[in-house]
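J.: Provided below for reference: sequence and predicted model.
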Amino acid sequence: MILFVHRKDLRVTDMPAFAYIARTGLPSLHLFILDPAILNAERARAHSGLRFLGLLARLQSLYRHHGQTLNLVCGTPEEIVPQIALVHEATEVVFHRDNTPYARHRDTSIHETLHRLGIPLTTISDQPLADPEELHRYAGRQSPYKVFTPFYRKWSEFVHTYFQPPVTTRLADLRTLVLDESIRQRYAPPYSLERFRGDVRLEAPEERLERFIADKLPDYAQRRDSYADDATSGLSGYINSGSLSVRTVCGKLLGEPDFEPWRRQLAWRDFYLYQSVFDPLFFEYEHYYDLSGLGDRHFEAWRKGRTGIPIVDAAMTQLNETGSMPNRLRMVTAMFLTKNLLAPFTLGEQTFRMMLTDADNVLNRGGWLWSASLGYDAAPYFRIMNPVTQSETWDPSGEYIRRWLPGQRGLSDRDVHRPLPHAVVDLKASRARAIEVYKRLIAEA
Ligand code: FAD
């Protein structure tokens, strides 16, 4: 039998691992491990954890719906995987690849133990459209891509040539097994998933994709930054958790030249996944650049949405209340924290990781490095977004600010964007200070 472990692939369609298992003709035991190192109590209460658990509950329902079993356990994967493999006499362990440092460390350890036990481990690429290693080989370069545009050119060529249509193997084609009772009891999760199910319906990801393509995609390029209009797909949470495969998404769009601007955003996702493999500092910048001189004086005001800069406070209020924030406002709030407030980017990164329903360690880090002018192809340190100008440009009537900050509702379209008298910093002076500090920081690294 084959032991298959679900991770960021909370779905049952377009599963490359299912196709692999079906080819062996063997039965398989499917597992999801609630790892307390990832889903600790604090995260399980925050937007990011709640959304993930909701999508996991949906996965469990999908298994039931297809008359199959998803075995749910709680504990340390390094301990659980080899143990179950031994007890069930697995001939092979299979999972989809994950490249965050934690995942790499965990999977290396699992691999070593399985190797000692003589059980092979097969890992399959699933998260990106273009697997970073394969794209790198295809490009035939000595050094990795550091700039997005040439990366994007090669990426487009690669995806166009090698795009694998979604896998057709169905869960119903497999013979899933039930976990040994004593192991199930030993690693029983402390809670049932049902209460996290919320309003996530079984068809939710596919329906959202279809609705986006029909209603919003044709105008995406013109409207994506008009954040008051909610003109983007809202699919990131589904894509990051693997509830919707990125191949299913892309399969709908290939050959449609009008959809290029949206595909380009999916390429940014792959660019950061590529960096997480090829930029040796991607998860290390905070150790390499001396951020110790930067303080956290106004960090709490930023986190709670009380800086006195309306667009920043509105965006942080939306984040705190709903777990969402449009892309442009992620850039605006991140630049404001790292530049105007001169706080280390890691503070903001940590807040987003906890609060965003689509929190993803690679994309979140990519976004924060970009905003803090660190990492491959980041914003130049002297180009700092002015939150007031951004607000006036992308939402002239201030509709978004009024939606999230009731206190601003009575103001004119002009005044609604203006900093309040008690704003924690002066935008002009703090910008000049940030340019000085970042110039030094980058020169000294
Ligand atoms: P759409 O505009 O519909 O785009 C389609 C898809 O392309 C998205 O679902 C996403 O998978 C990808 N994408 C879009 N924009 C970006 C981008 N700038 N970088 C990489 N991929 C992109 N995205 C996350 O999914 N998780 C995060 O934790 C995250 N943290 C971020 C932190 C900061 C500071 C910044 C500036 C950006 C962050 N992003 C993150 C990227 C981006 O903001 C979101 O992907 C986007 O807002 C999701 O909305 P959507 O699905 O409607 O996107």
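T.: That came in fine, so what should we check first?
J.: drop to CA atoms for contacts and neighbour counts, all remaining ones
T.: Will do.
J.: Quick check on Leu177: phi, psi?
T.: phi -110, psi 160 (degrees, to the nearest 10).
J.: mind checking how far it is from His298?
T.: As for Leu177, its distance to His298 is 53 Å (criterion: Cα to Cα, to the nearest Å).
J.: Settle it for me: which of those two has more neighbours?
T.: Just comparing Leu177 and His298: by other Cα atoms under 10 Å the higher neighbour count belongs to Leu177, 19 against 16.
J.: which parts of the stretch 201-350 of the chain sit against the ligand?
T.: 232-236, 265-266, 268-269, 326-327, 330-331, 334 (Cα under 6 Å from any ligand atom).
J.: possible to save the residues you listed as TSV with secondary structure?
T.: Formatted as TSV, those follow (DSSP: H, G, I helix; E, B strand; the rest coil):
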residue	secondary structure
Thr232	coil
Ser233	coil
Gly234	coil
Leu235	coil
Ser236	helix
Gln265	helix
Leu266	helix
Trp268	helix
Arg269	helix
Pro326	coil
Asn327	helix
Arg330	helix
Met331	helix
Ala334	helix
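J.: Give me the buried entries from those.
T.: Buried members of those, counted by 16 or more other Cα atoms under 10 Å: Thr232, Ser233, Gly234, Leu235, Ser236, Leu266, Trp268, Arg269, Pro326, Arg330, Met331, Ala334.
J.: Contacts only, for the last one.
T.: If I follow you right, that is Ala334. Phe345, Gly348, Trp368, Ser371, Ala372 (Cα atoms under 8 Å, 6 or more residues apart in numbering).
J.: Which one of those is nearest to Gly407?
T.: The shortest approach to Gly407 among those belongs to Gly348, at 25.2 Å (Cα to Cα).
J.: picking that back up, mind checking which of the contacts of Ala334 are in helices?
T.: Phe345, Gly348, Trp368, Ser371 (DSSP state H).
J.: which one of those residues sits closest to Ala172?
T.: Trp368 (41.4 Å).
J.: So what's the predicted local confidence for whichever residue of the stretch 1-150 of the chain sits closest to the ligand?
T.: Per Cα to the nearest ligand atom, the residue of the stretch 1-150 of the chain with the smallest distance to the ligand is Ser48, at 9.3 Å. Listed pLDDT for Ser48 reads 94.
J.: Pretty sure it sits in a helix.
T.: Yes. According to three-state DSSP, Ser48 belongs to a helix.
J.: Please give me every residue in contact with the residue nearest to it when sequence neighbours are not counted.
T.: Excluding the flanking residues, the one nearest Ser48 by Cα to Cα, 6 or more residues apart in numbering is Thr357, at 4.2 Å. By Cα under 8 Å, 6+ apart, the contact set of Thr357 is His47, Ser48, Gly49, Leu50, Arg51, Phe52, Gly237, Gly323, Ser324.
J.: which SS class is Thr357?
T.: Under three-state DSSP, Thr357 comes out as coil.
J.: residue contacts, Tyr138?
T.: Contacts of Tyr138 (Cα under 8 Å, 6+ apart): Phe158.
J.: buried ones in the helix or strand in which it is found?
T.: Tyr138 is part of helix 132-139 when elements are defined by DSSP states H and E. For helix 132-139, the neighbour count (16+ other Cα under 10 Å) marks Pro132, Leu135, His136, Ala139 as buried.
J.: still on that earlier bit, can you pick the most crowded of the ones in helices among the contacts of Ala334?
T.: Ser371 leads these on contacts (other Cα under 10 Å) with 28 neighbours.
J.: Ramachandran angles for Tyr191?
T.: Dihedral angles for Tyr191 - degrees, to the nearest 10 - are phi -150, psi 160.
J.: pretty sure Asp126 contacts Pro132?
T.: No. Judged on Cα atoms under 8 Å, Asp126 makes no contact with Pro132 at a distance of 11.1 Å.
J.: contacting residues around Leu337?
T.: Phe299, Trp302, Ala343, Phe345, Gly348.
J.: ok but it is inside a helix, no?
T.: Yes. Per three-state DSSP, Leu337 lies within a helix segment.
J.: And it, how far from Ser371?
T.: Counting by Cα to Cα - Leu337 and Ser371 are separated by 9 Å.
J.: Over to Thr123?
T.: Taken as Cα to Cα, the span from Thr123 to Ser371 is 33 Å.
J.: Same question for Ser233.
T.: 22 Å.
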